[in-house]
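# can you look at this prediction? I've put the sequence above it.
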Amino acid sequence: MQWEIVVGLEVHTQLSTSSKIFSGSSTAFGAAPNTQANAVDIALPGVLPVLNRGAVERAIQLGLAINAHISRRSVFARKNYFYPDLPKGYQISQMELPVVEGGSLTIQVGETEKTIRITRAHLEEDAGKSMHGDFHGMTGIDLNRAGTPLLEIVSEPDMRGSAEAVAYAKTLHSLVVWLGICDGNMQEGSFRCDANVSVRPMGSTELGTRCEIKNLNSFRFLERAIEYEARRQIEINEDGGTIRQETRLYDPDRDETRTMRSKEDAHDYRYFPDPDLLPLVISEEWIERTRAAMPELPVAMRERFIGQYAIPAYDAGVLTGSKATAVYFEQLVAAVGGEAKLCANWIMGELSAALNRHELDIAQSPVGVAQLAMLIRRIGDGTLSGKLAKEVFEALWQGEGEVDAIIDARGLKQVSDVGAIEAMVDQVLAANPNQVAEYRAGKEKMFGYLIGQAMKAMKGKANPQQLNEILLRKLS
């Protein structure tokens, strides 16, 4: 039997406020345990929560960016459960009336675009952290994260397999970082995914029993967890077993998912409106003020790049994949004075490859905009061939100096003197009479061989266009 994998994601996005969602405690990462938890965070009797306006504004921004409905009135609820790092015995979240409803996100998987529906995005507080270090047989509790503002973004089960799920997560990650509502640091827990995975016979419209895999903090783990879980469920079904609805965790060391607990439903949490918090009312004026302050969104910038710079849609999509890349591209085109397609090629080619090899973001690139612009100008004025430019780029990456100094030190200046190229071509033709005869007899691939010989003789420095024209003329 052929099986279809169905995935929905719940993404917990830590909002970029400097203080917590219901208290004035700092949200800075890395403080000593329990130094950023005040009376509200640790739930001392008699304290009252006060909603952070900045968290609401960030939720509105996300809603506007995904073309969702911004609820003019939303309500906070108490989600009741016991866990040692939850001092109140409940989490303040939203249930029936979330701040953001609906919306969608378009993802790119290979050459295919797909729209993923978003069910809702609701505000809530994070819990603390259990620490299982050397506490003499006990577990430590760090409440620094308790009350950290989260926006939980819930998708519909529209993804079919790990590739689409990772594409969606990466697109959403890029968007929240682009908007500035989240720093996107997955290692610090700022962006975490819960994956709801089920399988069903190919062609079926009925959803299978789902299992939720909690707290996936890397795209690689998200991909592996979904693939393992799908295989596990398919094997159980094909062996005649039954999938149990449950919450599971992913163990990256063993590359497997394991049972944590049976999966709760909403009624298990006994949601009810929080009596300490008034309904959240969002005015039209607040929404429009937030809209006016938002940056140009990736989709709009992508279309602008296509029109303004006359680059292909694919290039525009890659260049707007992150705000830092888009900014680098526009600065590079301005510094070069045009040549948008060539600038795009260098960013998507040599620069991206080097960044990937060294696991760096473009903001951390050792090759700055001014250096790459000078390199591209030297290609344009005939000083460098494309091949020699790659050698100069590598030297720039290694910090060997500026472009012109590297060209001089390595003797990389391209030869564009027609007389010198003609003389070398004459030598190559004289030294390879058999290949010349074969070419003239119709064996066209000999042309490439002769070009190679000439370029080798000139140590790769001949102007490729001039060399091609001269050789073609002399062979005619």
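Now that the structure is in, tell me what you want to look at.
# give me the next element, helix or strand, following the helix ranked longest in the chain.
Ranked by number of residues, the top helix in the chain under DSSP state H is helix 219-238. Note on helix 219-238: by DSSP states H and E, the next helix or strand toward the C-terminus is strand 246-251.
# that following strand: partners in the sheet, and parallel or antiparallel?
Take DSSP bridges as the rule and strand 246-251 pairs in its sheet with strand 211-216 (parallel), strand 256-262 (antiparallel).
# I'd like to know which of those has the weakest mean confidence.
When those are compared by mean pLDDT, strand 256-262 comes last with a mean of 87.
# now that one and helix 219-238, what's the angle there?
Using axes from the mean of the first three to the mean of the last three Cα atoms, to 10 degrees, the inter-axis angle of strand 256-262 relative to helix 219-238 is 80 degrees.
# need the next SSE after strand 256-262, C-terminal direction.
Next helix or strand after strand 256-262 toward the C-terminus (DSSP H and E): strand 272-273.
# just the residues contacting that following strand, thanks.
By Cβ atoms under 8 Å, 6 or more residues apart in numbering, the residues outside strand 272-273 that reach it are 75-78. C-beta coordinates here come from the backbone N, C-alpha and C atoms, glycine included.
# now, the most widely separated pair of the residues you listed?
Val75 and Arg78 (10.9 Å; Cβ to Cβ).
# between these two, which is the more surrounded one?
Counted by other Cβ atoms under 10 Å, Val75 and Arg78 do not tie: Arg78 has more neighbours, with 20 against 17.
# does the more buried one belong to a helix, a strand or coil?
At Arg78, secondary structure determined by DSSP: H, G, I helix; E, B strand; the rest coil is strand.
# okay, it: pLDDT?
94.
# might one say that it is in contact with Met95?
No - counting by Cβ atoms under 8 Å, Arg78 sits too far from Met95 to count as a contact (9.3 Å).
# list residues touching both of those two?
Joint contacts of Arg78 and Met95 (Cβ under 8 Å, 6+ apart) are Tyr271.
# distance of the most centrally placed residue in the chain from Ala163?
Nearest to the mean C-alpha position of the chain, by Cα atoms, centre = their mean, lies Lys170 at 3.8 Å. Separation of Lys170 from Ala163 (Cβ to Cβ, to the nearest Å) stands at 11 Å.
# ok, Gln371 next?
Separation of Gln371 from Ala163 (Cβ to Cβ) stands at 36 Å.
# so which of the two has more stuff around it?
Neighbours per residue, other Cβ under 10 Å: of Gln371 and Ala163, the larger number sits with Gln371, 20 against 16.
# which residue is the nearest non-sequential neighbour of that one?
Once flanking residues are discounted, Gln371 sits nearest to Leu396: 5.3 Å by Cβ to Cβ, 6 or more residues apart in numbering.
# these two touch, right, that neighbour and Ala405?
No - counting by Cβ under 8 Å, Leu396 does not reach Ala405; the two are 10.3 Å apart.
# for the stretch 301-450 of the chain, give me the ranges with low pLDDT.
Residue ranges of the stretch 301-450 of the chain with pLDDT under 70: 411-422, 424-425.
# thinking again about what came up before, more crowded one of Leu396 and Ala405?
Neighbour tally, Leu396 and Ala405, criterion other Cβ under 10 Å: the higher count belongs to Leu396, 23 against 11.
# could I get the buried residue list for whatever helix or strand that one lives in?
Counting by DSSP H and E, the secondary-structure element that holds Leu396 is helix 386-397. For helix 386-397, the buried set under the neighbour-count rule, 16 or more other Cβ atoms under 10 Å, comprises 388-389, 391-393, 395-397.
# try stretch 317-324
Quick answer for stretch 317-324 (16+ other Cβ under 10 Å): 317-323.
# surely Thr13 is within a helix?
No - if the criterion is three-state DSSP, then Thr13 is strand and not within a helix.
# how many other residues sit next to it?
For Thr13, the neighbour count with other Cβ under 10 Å is 27.
# distance of it from Asp183?
10 Å.
# what touches both of those two?
Contact criterion Cβ under 8 Å, 6+ apart; residues shared by Thr13 and Asp183: Ser190.
# circling back to that earlier point, I'd like the buried residues of helix 386-397 as TSV, with distance to Phe82 appended.
Shown next, in TSV, are those (distance: Cβ to Cβ, whole Å):
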residue	distance to Phe82
Leu388	67
Ala389	63
Glu391	63
Val392	63
Phe393	58
Ala395	61
Leu396	58
Trp397	54
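# check contacts around the residue nearest to Gln371.
Going by Cβ under 8 Å, 6+ apart, Leu396 touches 366-367, 371-372, 375, 403, 406.
# buried among the residues you listed? Need that as a selection in ChimeraX.
Selecting only the buried entries of the contacts of Leu396 in ChimeraX, with 16+ other Cβ under 10 Å as the criterion:
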select :367,371,372,375,403,406
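# now secondary structure and distance to Asn38 too, for the contacts of Leu396, in JSON lines please.
Formatted as JSON lines, the contacts of Leu396 follow (DSSP: H, G, I helix; E, B strand; the rest coil; distance: Cβ to Cβ, whole Å):
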{"residue": "Pro366", "secondary structure": "coil", "distance to Asn38": "43"}
{"residue": "Val367", "secondary structure": "coil", "distance to Asn38": "46"}
{"residue": "Gln371", "secondary structure": "helix", "distance to Asn38": "48"}
{"residue": "Leu372", "secondary structure": "helix", "distance to Asn38": "48"}
{"residue": "Leu375", "secondary structure": "helix", "distance to Asn38": "53"}
{"residue": "Val403", "secondary structure": "helix", "distance to Asn38": "54"}
{"residue": "Ile406", "secondary structure": "helix", "distance to Asn38": "56"}
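# closest to Tyr328 out of the contacts of Leu396?
Nearest to Tyr328 among the contacts of Leu396 is Leu372, at 8.7 Å by Cβ to Cβ.
# next one: the closest one relative to Lys214, how far apart?
Taking Cβ to Cβ as the measure, Leu372 falls 42 Å from Lys214.
# quick revisit: what is the longest helix of the chain packed up against?
Contacts defined by 3 or more Cβ pairs under 8 Å, 6 or more residues apart in numbering; DSSP states H and E place helix 219-238 against strand 3-14, helix 162-179, strand 191-201, strand 211-216, strand 246-251, strand 256-262.
# contacts for the helix or strand just after the first one?
In other words, strand 3-14. Counting by DSSP H and E, the element after strand 3-14 in chain order, helix or strand, is helix 53-65. Residues from elsewhere that reach helix 53-65 (Cβ under 8 Å, 6+ apart): 13, 15-19, 21, 68-70, 99-100, 103, 121, 123, 149, 151, 153, 175-176, 179, 181-182, 280, 282, 286-287, 290-291, 294, 297.
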